[in-house]
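**Student:** any chance you can model this:
(2 chains)
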Number of protein chains: 2
Amino acid sequence: MTRSEFERPWEELSRLAGEGSSLELETFLENLPAGDVALAMSRLPEDEQTLVASLIAPEFAADVVDQLVDVHAAELIESMDATTAAAILDVMPSNRQADLIGDLTDADAAAILDEMDPEEAADARRLSQYEDDVAGGLMVTELLKYAEHLTVGEVIEDMRQRMEEYRDFDVQYAYVCDPKGRLTGVLRLRDLLLSGDAKCIADLMIRDPESINHRATLDEVLDFFDNHHYLGVPVVDDRSRLLGVVRRNAVDYARSERQDNDFLKTQGIVSGEEIRTMPLWRRSRGRLAWLSVNILLNVMAASVIAFFQETLSAVIALAVFLPIISDMSGCSGSQAVAVSLRELSLGLVRTDELIRVWLKEVAVGMINGITLGCLIGIVALLWQGNPYLGLVVGAALCLNTMVAVSIGGLIPLVLKRLNVDPAIASGPILTTVTDMCGFFLILGIATAMLKYLVT
Amino acid sequence: MTRSEFERPWEELSRLAGEGSSLELETFLENLPAGDVALAMSRLPEDEQTLVASLIAPEFAADVVDQLVDVHAAELIESMDATTAAAILDVMPSNRQADLIGDLTDADAAAILDEMDPEEAADARRLSQYEDDVAGGLMVTELLKYAEHLTVGEVIEDMRQRMEEYRDFDVQYAYVCDPKGRLTGVLRLRDLLLSGDAKCIADLMIRDPESINHRATLDEVLDFFDNHHYLGVPVVDDRSRLLGVVRRNAVDYARSERQDNDFLKTQGIVSGEEIRTMPLWRRSRGRLAWLSVNILLNVMAASVIAFFQETLSAVIALAVFLPIISDMSGCSGSQAVAVSLRELSLGLVRTDELIRVWLKEVAVGMINGITLGCLIGIVALLWQGNPYLGLVVGAALCLNTMVAVSIGGLIPLVLKRLNVDPAIASGPILTTVTDMCGFFLILGIATAMLKYLVT
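**Tutor:** Model (predicted):
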């Protein structure tokens, strides 16, 4: 179930594409474990990927595209001719259509939309106006909608007749609207099942159902699903007209993707996305954007050292401890940053609770600072045999640990309040401040105690 | 919907708890946005939290507990008397029961299980044997199970009669078993809806349904749901007997939690969990475990500097660049680690593809290394007016960037292969190696070119 029978499934995929047999390709892809589809496709050169996607039926191609990472999916769609791409998009759920179209260049998107089924294209155009992470961008327009005056029998008859079309709808609920298209009720499938045919759905439906506005953010939608056990929630515009349904799955997927992107951002992939199949220049540029800011900040921080060259010349052993102070303070601070980022994302802390967070962090900082200070102090003492060197180094690390955890805990809150993405900016700010402060502390204290250090 | 009407909802919660009015507490909690329940509870002292959970009805308390982070939920349950705790657990879904019981001390767990409804307790005992992240630990035992010989009419009659009990079941499918309890088919609710009463369910059910083994890992279950659009999958033992159902939601939740924990691990929270309401000593100890390993590794790396004290004394300006080399190489390497961790979690890379990853990384490393090397070289030149210093510093950073991205890309793959958690161990290994190598490069090159540096 988890591992394909092929050690290197892309070789088989490439061979089948070369043979041009649609049926064999479809069978092969269908039997490949889900995880391996993306892997195998990513190992093919771009023209072979395009060939595979063009050879198989649009339904199969849509499944393949669905399993790729977003950037990869967009690249693949862009590499195909507009007609084939349109046929694939036509069979995707509306939110995925919109996501993909939003990731294409405007020219490509327009060309593909022109080739799509007009109804699907209209939906996709409308939905791609929304950001990916608001309710309007997360919703699908495939839903069951009935007028209030219908009976249970009429609804079941409609379902029976359009069963094929509805099969892809993930049918759990049907929605009931008034003549102006405003959402007035929700029908549960199981209530339909347990009722007589003659009953009017208006009497069976749950009235004034929960709904969310099309501009609600991902956080608001997540909050909704945390609070309710529904599998989907109707999305309405400002006049309460039913626009679509956000399914729990789409929201869980969006959350998972955001977590991944945030992780990459904290590690210096500023765009939040890099896979190794992306072009070299794009990967390199994406990483350099972050590195070049960091090197400037680093030079700024290290310039503190330059002010203390005399002290360093006198006690060259201090040079060994400069990177240690810098690195350890960075570690302590990153832990505090991580806890703040997590508490923010869980809603366990508010951005104005600076004093509370600081008190919690400085307590940890004191314990850990004293422990680390003692450790490094002992190392310095044992190495150079000078207790004063141990004192200088230990005191500097102890104090700087307290500074680092304090700042680390607070930075994400302050940045979020200033509407700066804390995942991207917390790290560089933290290390710059703690480096400057750490260098100043160790070299400043050493300068003050210079006569005890030079023996 | 997202923000409570109360600026500080915990104050109102505390006030209501003090008044002891169950009804008002229930109403207040019910109207609080989901995110704010966990926030408000976490701000109360432990005895007030216990009071709140004891005052409200078990169904409400179960909802509250469900919204807390796992460690917090376990703490709250442990703080209550066994009878109240048991009443709350009794109304939770079986997988949550098992998770919570698994997080308690053995004595507490035993006391609570004794007080629980015997049937619920037996389920919880059985499920808590499983790890949280295998199919058996993710499944619920609440499901609809019918014998093959029943008719559609009989099944619908049973549903009608036991409607109340089934209301919490998230009913989408019913499962059909043979007399030995082996899973033989799945019934879709909508197929029941569209069929005649007299039909035997054996003729309506989907035969040989997909199922997963109770020991399947979270990755395997995720893979299954990636590959299928089902909302749930039956879990069977080695003899194909139906044990429970894993719902897609539970899997999505488990994935999201794992992502969060992995993020915290990469940032030095080794346990994967810290919230600021945890006791100080526990938070501090959790962080120190990681820091004390790091400080030893740091001392080891910095000891390289000690071997070059003469060079450093001669060219004290080098001391300014040591932390820069260390920090920048760490940044470049972390980017590569992050991309590998993400590709591993997406299944886009296999642990044996070391050469492929290395080629992809070293290409980025060359471009970025040369760029960063030039930048820092120019800084050194401008500052000291010595082109050779620029050359030494630039060459060292350039080479070390290549080393850092190469190692950074490979470490997670190698660790995963060795069954070491790459989220925890990649960072410290990376920085130790790149620090040692970086210090060696800059000071080694400087020593070789010493006569050009000393002017």
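**Student:** from now on I want contacts and neighbour counts done on CA atoms only, so please keep to that.
**Tutor:** Fine.
**Student:** and stretch A:91-102, what's its mean pLDDT?
**Tutor:** Average pLDDT, stretch A:91-102: 88.
**Student:** spatially central residue in chain A, please.
**Tutor:** Nearest to the mean C-alpha position of chain A, counting by Cα atoms, centre = their mean, stands residue A:258 at 1.6 Å.
**Student:** check the gap between that one and chain B for me.
**Tutor:** 10 Å (Cα to the nearest Cα, to the nearest Å).
**Student:** spit out the contact partners of residue A:442.
**Tutor:** Applying Cα atoms under 8 Å, 6 or more residues apart in numbering or on different chains, we find residue A:442 in contact with A:322, A:392-393, A:395-397.
**Student:** can you tell me the helix or strand for it?
**Tutor:** According to DSSP states H and E, residue A:442 maps onto helix A:422-448.
**Student:** could you do residue A:175 as well?
**Tutor:** Going by DSSP H and E, residue A:175 is part of strand A:173-177.
**Student:** most surrounded residue in the contacts of residue A:442?
**Tutor:** Greatest neighbour count in the contacts of residue A:442, by other Cα atoms under 10 Å in any protein chain shown, goes to residue A:397: 32 neighbours.
**Student:** tell me which element that residue is part of?
**Tutor:** Per DSSP H and E: helix A:387-417 holds residue A:397.
**Student:** please identify the buried residues of that helix?
**Tutor:** Buried residues in helix A:387-417, defined by neighbour count with 16 or more other Cα atoms under 10 Å in any protein chain shown: A:388-416.
**Student:** next one: stretch A:262-274
**Tutor:** A:262-270, A:272-274.
**Student:** mind checking the end-to-end distance for it?
**Tutor:** Distance across stretch A:262-274, first residue to last, is 12 Å (Cα to Cα, to the nearest Å).
**Student:** per-residue confidence averaged over that stretch?
**Tutor:** Stretch A:262-274 comes out at a mean pLDDT of 92.
**Student:** now that stretch, how far from the chain's geometric center?
**Tutor:** Mean C-alpha position of stretch A:262-274 versus that of the full chain (Cα atoms, centre = their mean, to the nearest Å) differs by 9 Å.
**Student:** give the other helices and strands that the strand holding residue A:175 contacts.
**Tutor:** Applying 3 or more Cα pairs under 8 Å, 6 or more residues apart in numbering or on different chains; DSSP states H and E, we find strand A:173-177 packed against strand A:145-147, strand A:183-188.
**Student:** contacting residues around the residue nearest to residue A:390 when sequence neighbours are not counted?
**Tutor:** Nearest residue to residue A:390, sequence neighbours excluded (Cα to Cα, 6 or more residues apart in numbering or on different chains): residue A:377, at 4.0 Å. Residue A:377 is in contact with A:389-395, counting by Cα under 8 Å, 6+ apart.
**Student:** and which of those residues is nearest residue B:31?
**Tutor:** The shortest approach to residue B:31 among these belongs to residue A:395, at 50.6 Å (Cα to Cα).
**Student:** name the nearest residue to the closest one, sequence neighbours excluded.
**Tutor:** Using Cα to Cα, 6+ apart and skipping the chain neighbours, the partner closest in space to residue A:395 is residue A:373 (6.1 Å).
**Student:** same check, this time on residue A:311
**Tutor:** Using Cα to Cα, 6+ apart, the nearest residue to residue A:311 is residue A:447, at 5.9 Å.
**Student:** also near chain B: which of the buried residues of stretch A:262-274, exactly?
**Tutor:** A:263-264, A:267-269, A:274 (Cα under 8 Å from any Cα of the partner chain).
**Student:** among these, name the ones in strands.
**Tutor:** In this view, those have no member that belongs to strands under DSSP state E.
**Student:** adding distance to residue B:83, write those out as a markdown table.
**Tutor:** Converted to a markdown table, those look like this (distance: Cα to Cα, whole Å):
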| residue | distance to residue B:83 |
| --- | --- |
| A:263 | 42 |
| A:264 | 46 |
| A:267 | 47 |
| A:268 | 50 |
| A:269 | 51 |
| A:274 | 52 |
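**Student:** what ranges in chain A fall below the confidence cut-off?
**Tutor:** Within chain A, the ranges that satisfy pLDDT under 70 run A:1-5, A:163-164, A:166-171, A:455.
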